[in-house]
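Novice: Whatever this is, show me its structure:
(4 chains)
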There are 2 protein chains.
Amino acid sequence: MSELEAPRAVRALWAGSSDAPRRGPKPAMSVPAIAEAAVTLADEQGLDAVSMSSVAKRLGFTAMSLYRYVDTKDDLLQVMLDRAYGPVTVATDPDADWRAAAGDWARALLGRCQAHPWVVDVRMSSPPLTPNSVAWMDAGLRALSGTGLPPQQVASSLLMVDSYVRSHVRLLKEYSPDGLAAWSTRLRGVIDPGATPAVWEALQAEVFDDAPADEPWPSDDFTFGLEIVLGGIQQLVDP
Amino acid sequence: MSELEAPRAVRALWAGSSDAPRRGPKPAMSVPAIAEAAVTLADEQGLDAVSMSSVAKRLGFTAMSLYRYVDTKDDLLQVMLDRAYGPVTVATDPDADWRAAAGDWARALLGRCQAHPWVVDVRMSSPPLTPNSVAWMDAGLRALSGTGLPPQQVASSLLMVDSYVRSHVRLLKEYSPDGLAAWSTRLRGVIDPGATPAVWEALQAEVFDDAPADEPWPSDDFTFGLEIVLGGIQQLVDP
DNA sequence: CGGAACTGTGTACGATGCAAGCGGTTTTGG
DNA sequence: CCAAAACCGCTTGCATCGTACACAGTTCCG
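Specialist: All right, here's what the predicted structure looks like:
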C-alpha cells in the first residue's frame, strides 16, 4: 500500500496548535514558525538562499532540528507556499456576477504572488494540499460556480485562471526591464537578420527596449489578458 | 562595464562548428554533443539527474572537462533548452491566415515541450538567447505579424501564446492521472467540508478522480484554451 | 624550436539534503 | 513512584553537488 496520508508538516498545518499533552520536551519551534522564517528568507535573498541550515540558523537552531517538523525539503517548500499564499484575501459574494468574482479572485492571487515572486519557481509534482492553498481553490471554485457550469468545467476554468495568473507573474520576472535591456543588446550581437528577419525587425523597432511610458512592453495590463481568459469561459456559459 | 556578450556556450551554438585552425589538441567534445547527452539524460531520468558529472560520465569524460565548453550549469541548461526545442518544426506561409499560422506554431511548440517535459522546470531569469529559441520566436512573430498589429502588440501576443503552451505542459505534468488520484484521496483526509464546501463538493462529484473517457479532466483539449487566447488577440485586431 | 594557447584531469573546498545515533526531558502505565 | 516510552535538539557522518585551481600533455605559430 502506498502512503495515503499527507506529509507530516502538511498535517501539522491542518491540525493547528493542538495543545494535547504529548510526551517529551515542549517543541521549541513549530511548522508555521519555520514556514515564516523560510518565507522571509526567500523574500529577502531568493529561493536559492533557502536551505535547511539557513532557515534553522535564522531561528537559532541547527539544520537537523528542522527534521522534527518537516520530513523533507519538499515539504518545507509546501508549507512555505501555504504561508506565502496566506488566507484568502478576497470576499466571496455568492450573488455577485461570476465574472467580477473571478476577476477579484485572480487579482487577489496576483497580489500574493507578487508579494512572494519565488512561488512560481517552486517545482510542484502534484497539486498543493495545504490549508491556505485549498482555501484559495475553494474561493475560486465558489466564484466560478456562479457560471452554472458542470463541476468538471468549473474546475477546468479555475485551472485556466490560475495558470494565467502564474504565467503573468513569471512574465514579470523574466521580462523585467533591466534584464530585458541586457538581453536585447546580447541578441543584437548574435542574430542573423536574414535567418530571423522578424526578430531583427523587432529589435530595430526597439520593441524590447525601454518603451515610452504610454506604450510599455510587455503589456503590464494584467486585466487585459485576464479578460481574455474570462471571455473564453463565458463562451462555455453562453453557447 | 557589464558583460555584454552572450555566454561562451551560447556563442558556440551560434558559431556552429568552425574548423578554423586553433592551437592545442582537438576538442574531444562539443557544445551540441554535450547538449544532446544532457537532454537524453533528462528525458530518461528527469532534470534532477542532470549534473555535471552525470553528463560527463555519459560522454566518457570527467565533470571538469565540461567546463571547457560550458562555463556554468545554467549555461548547460540553456543549451539543453536549445537542443530540446530543436529547429522550428512548422512551415511558415506568409499568406496564410494568421490564426491558423499561430495555431500551428503553438501546436508545434507543444509537441516539442511534450517530448521534453522538463523544459518547463528550467528556471529562467531572462529570455533565451540560443539559435533555436530565437528561431521559434521568429516563426511566432512572423505568424502573428499577419494580424497587422503594431510590433509591440505582436510581441505581446506571442508572449501570451507562448505562456499558454507552457502553462498547458505544466498542467499536464502536475495533474497527471495517477498523481491526481493520490492527491484527491489525501485531500479527502484533511479538508473540512464546512470550511471549504466547494472543494468538498468537487470531491464528492469525483471531479478529480478518473473521469469517464467522454469527459476527461483536466480538459485535455489544448485547442480549446488556445482558441481562447487567439480569440483574445483577435479582439485586438478587430476593434 | 620554444613558447603560447589549449586540451582533459586530479584534487580540493564549501555547501547541500539527509540518515543514524546520543543524551536529556517529559509524560504515561503499572 | 518509577521505569519505560515518546519526544526533543544536537553532533557526527556521508554522498553529491557546483566549481576554483593547478598540472601535464598536445598542437600550432613565429
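Novice: Pop the domain breakdown of chain A in here.
Specialist: A:8-85, A:98-175+A:218-237 (automatic domain parsing).
Novice: Can you say which helix or strand has the residue of chain A most remote from its centre in it?
Specialist: What lies farthest from the middle of chain A is residue A:194; by Cα atoms, centre = their mean that is 39.8 Å. For residue A:194, there is no host helix or strand (DSSP states H and E).
Novice: Kindly present the domains of chain A as CSV, with separate columns for mean pLDDT, mean neighbour count and distance to residue B:14.
Specialist: The way it works is simple: take the backbone N, C-alpha and C, and place the C-beta from them, glycine included. Converted to CSV, those look like this (pLDDT from 0 to 100; neighbours: other Cβ atoms under 10 Å in any protein chain shown; distance: least, Cβ to Cβ, whole Å):
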stretch, mean pLDDT, mean neighbour count, distance to residue B:14
domain A:8-85, 95, 16, 29
domain A:98-175+A:218-237, 93, 20, 21
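Novice: looking at the ones you listed, which is closest to residue B:49?
Specialist: Smallest distance to residue B:49 across the domains of chain A (Cβ to Cβ): 14.1 Å, for domain A:98-175+A:218-237.
Novice: do that closest one and DNA strand C meet at all?
Specialist: No: counting by Cβ under 7 Å from any atom of the strand, DNA strand C has no neighbours in domain A:98-175+A:218-237; the shortest distance is 12.6 Å.
Novice: Return the residues in contact with the closest residue to residue A:82 other than its chain neighbours.
Specialist: Nearest in space to residue A:82, with sequence neighbours left out and distances taken as Cβ to Cβ, 6 or more residues apart in numbering or on different chains, is residue A:130 at 3.5 Å. By Cβ atoms under 8 Å, 6 or more residues apart in numbering or on different chains, the contact set of residue A:130 is A:10, A:13-14, A:78-79, A:81-82.
Novice: now do residue A:198
Specialist: Counting by Cβ under 8 Å, 6+ apart, residue A:198 has contacts B:137-139, B:141-142, B:145.
Novice: now, among the residues you listed, which is nearest to residue A:223?
Specialist: Distances from residue A:223 to these, taken by Cβ to Cβ, are shortest for residue B:141, at 24.6 Å.
Novice: Would you quantify the distance from residue A:93 to residue A:101?
Specialist: According to Cβ to Cβ, to the nearest Å, residue A:93 and residue A:101 sit 7 Å apart.
Novice: got it, and residue A:27?
Specialist: Distance of residue A:27 to residue A:101, computed by Cβ to Cβ: 40 Å.
Novice: Let me see the contact set for residue A:38.
Specialist: Shown in contact with residue A:38 (Cβ under 8 Å, 6+ apart): A:50, A:55, A:76, A:79-80, A:83.
Novice: mind running it again at 7 Å?
Specialist: A:50, A:55, A:76, A:80 (Cβ atoms under 7 Å, 6 or more residues apart in numbering or on different chains).
Novice: how distant is the helix of greatest length in chain A from the center of its chain?
Specialist: The longest helix of chain A (DSSP state H) is helix A:151-174. Here helix A:151-174 is found 10 Å from its chain centre; the criterion is Cα atoms, centre = their mean, to the nearest Å.
Novice: ok, residue A:54 touching residue A:40?
Specialist: No: with contacts counted by Cβ atoms under 7 Å, residue A:54 stays clear of residue A:40, the gap being 11.2 Å.
Novice: ok, residues contacting stretch A:15-26?
Specialist: Contacts for stretch A:15-26 (Cβ under 7 Å, 6+ apart): residue A:30.
Novice: and the closest residue to residue A:166 other than its chain neighbours, how far is that from residue A:71?
Specialist: Computed as Cβ to Cβ, 6+ apart, the closest residue to residue A:166 that is not its neighbour in sequence is residue A:120, at 5.4 Å. Separation of residue A:120 from residue A:71 (Cβ to Cβ) stands at 24 Å.
Novice: Is chain B within reach of stretch A:89-105?
Specialist: No: applying Cβ under 7 Å from any Cβ of the partner chain, one finds stretch A:89-105 out of contact with chain B, separated by at least 9.5 Å.
Novice: what about dumping the CA coordinates of that stretch to CSV?
Specialist: Taking Å, rounded to 0.1, in the frame of the first residue of the first chain, the C-alpha atoms of stretch A:89-105 are listed here in CSV:
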residue,chain,number,x,y,z
THR,A,89,-7.8,38.0,0.8
VAL,A,90,-10.9,38.4,-1.2
ALA,A,91,-14.5,38.4,-0.1
THR,A,92,-17.0,36.0,-1.6
ASP,A,93,-20.4,37.3,-2.5
PRO,A,94,-22.4,34.3,-3.7
ASP,A,95,-24.8,36.6,-5.5
ALA,A,96,-22.2,38.6,-7.3
ASP,A,97,-21.5,38.4,-11.0
TRP,A,98,-19.3,35.4,-11.5
ARG,A,99,-17.1,37.3,-13.9
ALA,A,100,-16.4,40.1,-11.3
ALA,A,101,-15.9,37.5,-8.6
ALA,A,102,-13.4,35.5,-10.7
GLY,A,103,-11.6,38.8,-11.6
ASP,A,104,-11.3,39.7,-7.9
TRP,A,105,-10.1,36.3,-7.1
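Novice: Report the separation between the residue nearest to residue A:82 and residue A:91.
Specialist: To residue A:91, residue A:130 is 22 Å away according to Cβ to Cβ.
Novice: DNA strand D contacts on chain A?
Specialist: Counting by Cβ under 7 Å from any atom of the strand, chain A comes close to DNA strand D at A:22-29, A:56, A:61-65, A:67-69.
Novice: quick one: which of these sit in helices?
Specialist: Assigned to helices by DSSP H, the following of those qualify: residue A:56.
Novice: now whichever strand or helix holds residue A:35, how far from the centre of its chain.
Specialist: Following DSSP H and E, one finds residue A:35 within helix A:31-45. Between the centre of helix A:31-45 and the centre of its chain there are 15 Å (Cα atoms, centre = their mean).
Novice: just to revisit the earlier point, can you list the contacts of residue A:198 in a markdown table and add secondary structure and distance to residue A:4?
Specialist: Formatted as a markdown table, the contacts of residue A:198 follow (DSSP: H, G, I helix; E, B strand; the rest coil; distance: Cβ to Cβ, whole Å):
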| residue | secondary structure | distance to residue A:4 |
| --- | --- | --- |
| B:137 | helix | 45 |
| B:138 | helix | 49 |
| B:139 | helix | 47 |
| B:141 | helix | 49 |
| B:142 | helix | 51 |
| B:145 | helix | 53 |
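Novice: Could I get the CA-only coordinates of the longest helix of chain A as PDB?
Specialist: Presented in PDB, the C-alpha positions along helix A:151-174 are these (Å, rounded to 0.1, in the frame of the first residue of the first chain):
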ATOM      1  CA  PRO A 151     -18.400  20.900 -11.800                       C
ATOM      2  CA  GLN A 152     -15.700  19.500 -14.100                       C
ATOM      3  CA  GLN A 153     -15.800  22.600 -16.300                       C
ATOM      4  CA  VAL A 154     -15.800  24.800 -13.300                       C
ATOM      5  CA  ALA A 155     -12.700  23.100 -12.100                       C
ATOM      6  CA  SER A 156     -11.100  23.300 -15.600                       C
ATOM      7  CA  SER A 157     -12.000  27.000 -15.800                       C
ATOM      8  CA  LEU A 158     -10.400  27.700 -12.400                       C
ATOM      9  CA  LEU A 159      -7.300  26.000 -13.600                       C
ATOM     10  CA  MET A 160      -7.100  28.300 -16.600                       C
ATOM     11  CA  VAL A 161      -7.500  31.400 -14.500                       C
ATOM     12  CA  ASP A 162      -4.900  30.100 -12.000                       C
ATOM     13  CA  SER A 163      -2.500  29.300 -14.800                       C
ATOM     14  CA  TYR A 164      -2.900  32.700 -16.300                       C
ATOM     15  CA  VAL A 165      -2.100  34.400 -13.000                       C
ATOM     16  CA  ARG A 166       1.100  32.300 -12.600                       C
ATOM     17  CA  SER A 167       2.100  32.900 -16.200                       C
ATOM     18  CA  HIS A 168       1.800  36.600 -15.700                       C
ATOM     19  CA  VAL A 169       4.000  36.500 -12.600                       C
ATOM     20  CA  ARG A 170       6.600  34.500 -14.500                       C
ATOM     21  CA  LEU A 171       6.400  37.000 -17.300                       C
ATOM     22  CA  LEU A 172       7.000  39.900 -15.000                       C
ATOM     23  CA  LYS A 173      10.000  38.200 -13.500                       C
ATOM     24  CA  GLU A 174      11.600  37.000 -16.800                       C
END
